[in-house]
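Give me coordinates for this.
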Amino acid sequence: MLCPCPNPHNNNALIGSEMAPESLLAAVDLGSNSFRLEIGRIGSHQRIERVEYLKETVRQGNGLNSRQELSREAMERGWECLARFGERLRGFDASHVRAVATQTLREALNADEFVTRGSQLLGFPIEVIPGEEEARLIYRGVASSLPPSQQKRLVIDIGGRSTEIIIGQHSQPLQVASFALGSVSWSSRFFSDGALNKANFQAAVAAAKQCLAQAQFAYPGTAWDCAYASSGTANAVADALTAQGLDGQVITPAKLRYLYELLLDIGHVERLRMPGLKEDRRPVVAGGISVMMAVVDLLGITELEVAQGALRQGALHDLLDHEPPADKEAAEVGALQLDFGVDVPHAQRVQRIATQLCQQILPAETAPLSTQALAIAAQLHEVGMRVALSNYHRHGAYIVEHCGLATWEPELRQRICQLVLGHQGKLRKLEDAIEEPQLALPLMALRIAVQLSHTRRDPDMQGMQIKRSGSECKLSTPSGWMLTYPQSARLLEEEAMAWSKTPWSLKLQLR
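Below you'll find the predicted structure:
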């Protein structure tokens, strides 16, 4: 069913900014293949940081009989899992937990029986949500894991018994749809004999295209700029591709075809031992891949980037009831500064001076990525000091490289990491990368800014200039500056010596 993006009223008490910084939130996702529990802590700057993640393969989707009723065995499996989740959630405030059930319980005629008992075992009410609400939560979860962008994003989520397709921009879904097909239902319907052959795959793909036919017109390629895949099937495909030595973060039609050919060679689910494929995915991977092949072909998708966010993250953000800040990047930098005790006024001072110097030798319009990286690196150049003062620049680079709460694009993250690593000490640690002006010139500006700010007070920049000619930069000061600031002059001389051992040179005219 297609519809404009819903704006549902959540009956749970959403408390937003009234939550204490250390409050815990929990989301329970009762999917057709797996039940999941995610617990998050509200950290600095209203970020949600994962505390715990539990997943159990329940396979409720396989428990629907011909009368569209959940079997007793399927209900018992689900109840046992919810009892375990309930023990973990004891003591949580009711307004801090949201439990949602999806396609299997939307279809099951005896869903009320399962939900009533399941809610008692869990200790919190279970909400069977419409497909459009599931799609909205999926998009919000995916958007929370992505960097800021003006692009319109297409998100594909192939679950156990439903597939959601969403177009959104920023954190807001614009158009949502949910279709009743998925990895569990398609595996049961088209691969029940376990045979991985062309006939079964052709039938599965054709049926998926028929089920998704409406999406071909509702989601034309002109309506979105980039495409993402989220959740179980996407992650299973990514893991399998990576194990085969391919880039699993980007799924293409050719890579799907490659996996399809591997499955044909294996021939039967009982013999399916594909590297990277988790055991719980083995019985349903053929159905999931056939649906993904249909979606990609139907919508003309050439690349699907695998996203980390999912429905449960969207539910957590709904509980927080907090829209992402207008400047998400600034919020992430500010959160890191707070977490690692950065001297913010000093960081802002270094950023201001480094930006001023860099503008004179590498104008922002000629290298926007480098300018952006410099601004962030200057704000975070001392982020490693809380780990240890010795080699703090190396600790800082590690933090920047591995911090999962920052959503910088990979190229930007790498450049920030290089600048933080290189802002102090010898320059040879950056090896060949320093030959590139887009790295070397912002780095020179950052290092000079750090040296000039050694007193942790605003330095005297009046009359100071830096000019570039090829690989040479010349820094000049007004008359009397060297006598007034002898320590600063010495630090600049040491800096010039460091650059003399690189393809670049820093010449000084200190007066």
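
To what extent is K429 buried, counted in neighbours?
14 (other C-beta atoms under 10 Å). C-beta here means a position set from N, CA and C on the backbone, and glycine is covered the same way.

let's have the chain start at 726 instead
Sure thing, new numbering starts at 726, so read that last one as K1154.

That one and Q1143 touch, don't they?
No: contact criterion C-beta atoms under 8 Å: K1154 and Q1143 do not qualify, at 9.6 Å.

which ones are touching S956?
Contacts for S956 (C-beta atoms under 8 Å, 6 or more residues apart in numbering) come out as I863, D882, I883, G884, A1035, L1036.

Generate a PyMOL selection restricted to the buried subset of those.
Only the buried entries of those go into this PyMOL selection, using 16 or more other C-beta atoms under 10 Å:
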select buried, resi 863+882+883+884+1035+1036
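
Among the contacts of S956, name the ones in helices.
With DSSP state H as the criterion, helices contain I863, L1036 from among the contacts of S956.

Looking at the contacts of S956, which one is closest to G786?
Proximity of the contacts of S956 to G786 (C-beta to C-beta) peaks at G884, which lies at 8.8 Å.

That closest one and R761, how far apart?
According to C-beta to C-beta, to the nearest Å, G884 and R761 sit 11 Å apart.

what does stretch 1017-1026 contact?
For stretch 1017-1026, the surrounding residues in contact (C-beta under 8 Å, 6+ apart) are 879, 881, 883, 888, 890, 929-930, 933-934, 937-938, 940-941, 944, 946, 952, 954, 958-959, 962, 976, 978, 981-982, 985, 1029.

try 7 Å this time
For stretch 1017-1026, the surrounding residues in contact (C-beta atoms under 7 Å, 6 or more residues apart in numbering) are 881, 883, 930, 933-934, 937, 940-941, 944, 946, 952, 958, 962, 978, 981, 985, 1029.

just how off-centre is that stretch within its chain?
Counting by C-alpha atoms, centre = their mean, to the nearest Å, stretch 1017-1026 is centred 23 Å from the centre of its parent chain.

all helices for the stretch 826-975 of the chain, in order.
Using DSSP state H, counting those that start in this stretch, the helices found in the stretch 826-975 of the chain span residues 828-832, 836-847, 856-869, 908-915, 923-936, 938-943, 956-968.

Nearest spatial neighbour of the spatially most central residue of the chain, chain-adjacent residues omitted?
Centrality entry for the chain: nearest residue to the mean C-alpha point is S870, 3.0 Å, by C-alpha atoms, centre = their mean. Spatial nearest neighbour of S870, excluding adjacent residues (C-beta to C-beta, 6 or more residues apart in numbering): G1034 at 3.7 Å.

now the helices for the stretch 1076-1225 of the chain?
Using DSSP H, counting those that start in this stretch, helices in the stretch 1076-1225 of the chain cover 1093-1105, 1117-1127, 1135-1147, 1162-1177, 1206-1209, 1211-1224.

right, and those - which one's nearest G1059?
helix 1093-1105 (8.4 Å).

now that closest one: mean pLDDT?
What helix 1093-1105 shows for mean pLDDT is 95.

which outside residues touch that helix?
1058, 1061-1062, 1067, 1072, 1075-1076, 1079-1080, 1083, 1087, 1089, 1121, 1125, 1136-1137, 1140-1141, 1144-1145, 1163, 1167, 1170-1171, 1174.

give me that answer again for 8 Å
Residues contacting helix 1093-1105 (C-beta under 8 Å, 6+ apart): 1054, 1058, 1061-1062, 1067, 1072-1073, 1075-1076, 1079-1080, 1083, 1087, 1089, 1121, 1124-1125, 1133, 1136-1137, 1140-1141, 1144-1145, 1148, 1163-1164, 1166-1167, 1170-1171, 1174.

I'd like the distance from that helix to the chain centre, please.
20 Å.

Now do that helix and helix 1162-1177, the angle between them.
30 degrees (axes from the mean of the first three to the mean of the last three C-alpha atoms, to 10 degrees).

Redo the helices of the stretch 826-975 of the chain as JSON lines? Include distance to E1218.
Shown next, in JSON lines, are these (distance: least, C-beta to C-beta, whole Å):
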{"stretch": "helix 828-832", "distance to E1218": "69"}
{"stretch": "helix 836-847", "distance to E1218": "67"}
{"stretch": "helix 856-869", "distance to E1218": "48"}
{"stretch": "helix 908-915", "distance to E1218": "65"}
{"stretch": "helix 923-936", "distance to E1218": "69"}
{"stretch": "helix 938-943", "distance to E1218": "66"}
{"stretch": "helix 956-968", "distance to E1218": "49"}
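
looking at these, which is closest to K1192?
helix 856-869 (43.8 Å).

which helices and strands sit right next to the closest one?
Here helix 856-869 touches strand 822-826, helix 828-832, strand 877-883, strand 888-894, strand 897-904, strand 951-955, helix 1036-1045, going by 3 or more C-beta pairs under 8 Å, 6 or more residues apart in numbering; DSSP states H and E.

List the buried residues of stretch 901-908.
Of the residues in stretch 901-908, V901, A902, S903, F904, L906, G907, S908 count as buried by neighbour count, 16+ other C-beta under 10 Å.

got the end-to-end distance for it?
The straight-line separation of the ends of stretch 901-908 (C-alpha to C-alpha, to the nearest Å) is 20 Å.

try stretch 989-1009
Using C-alpha to C-alpha, the end-to-end distance of stretch 989-1009 comes to 15 Å.

closest one to V1016 among the helices and strands packed on helix 856-869?
strand 877-883 (5.2 Å).

what angle sits between the closest one and strand 951-955?
The directions of strand 877-883 and strand 951-955 differ by 30 degrees, with the same axes, to 10 degrees as the criterion.

which helices and strands sit right next to strand 877-883?
Right, strand 877-883 is packed against helix 856-869, strand 888-894, strand 951-955, helix 956-968, helix 1010-1024 by 3+ C-beta pairs under 8 Å, 6+ apart.

Now tell me what touches that strand from outside.
860, 863-864, 867-868, 871, 888-894, 899, 907-908, 944, 948-959, 1013, 1016-1017, 1020, 1024, 1026, 1029, 1032, 1035-1036.

could you redo the last one with a cut-off of 6 Å?
863-864, 867, 889-894, 907, 949-956, 958, 1013, 1016-1017, 1020 (C-beta atoms under 6 Å, 6 or more residues apart in numbering).

okay, the angle between it and strand 888-894?
Angle of strand 877-883 versus strand 888-894, following the same axes, to 10 degrees, is 160 degrees.

Pull up the pairing partners for strand 877-883, direction included.
strand 888-894 (antiparallel), strand 951-955 (parallel) (DSSP bridges).

CA atoms only for it, dumped as PDB, please.
The C-alpha coordinates for strand 877-883 follow below in PDB (Å, rounded to 0.1, in the frame of the first residue of the first chain):
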ATOM      1  CA  LYS A 877      16.800  12.800  -1.400                       C
ATOM      2  CA  ARG A 878      17.400   9.300  -0.200                       C
ATOM      3  CA  LEU A 879      15.700   6.100  -1.300                       C
ATOM      4  CA  VAL A 880      15.800   3.400   1.500                       C
ATOM      5  CA  ILE A 881      15.000  -0.200   0.900                       C
ATOM      6  CA  ASP A 882      14.400  -2.500   3.800                       C
ATOM      7  CA  ILE A 883      13.700  -6.200   3.100                       C
END
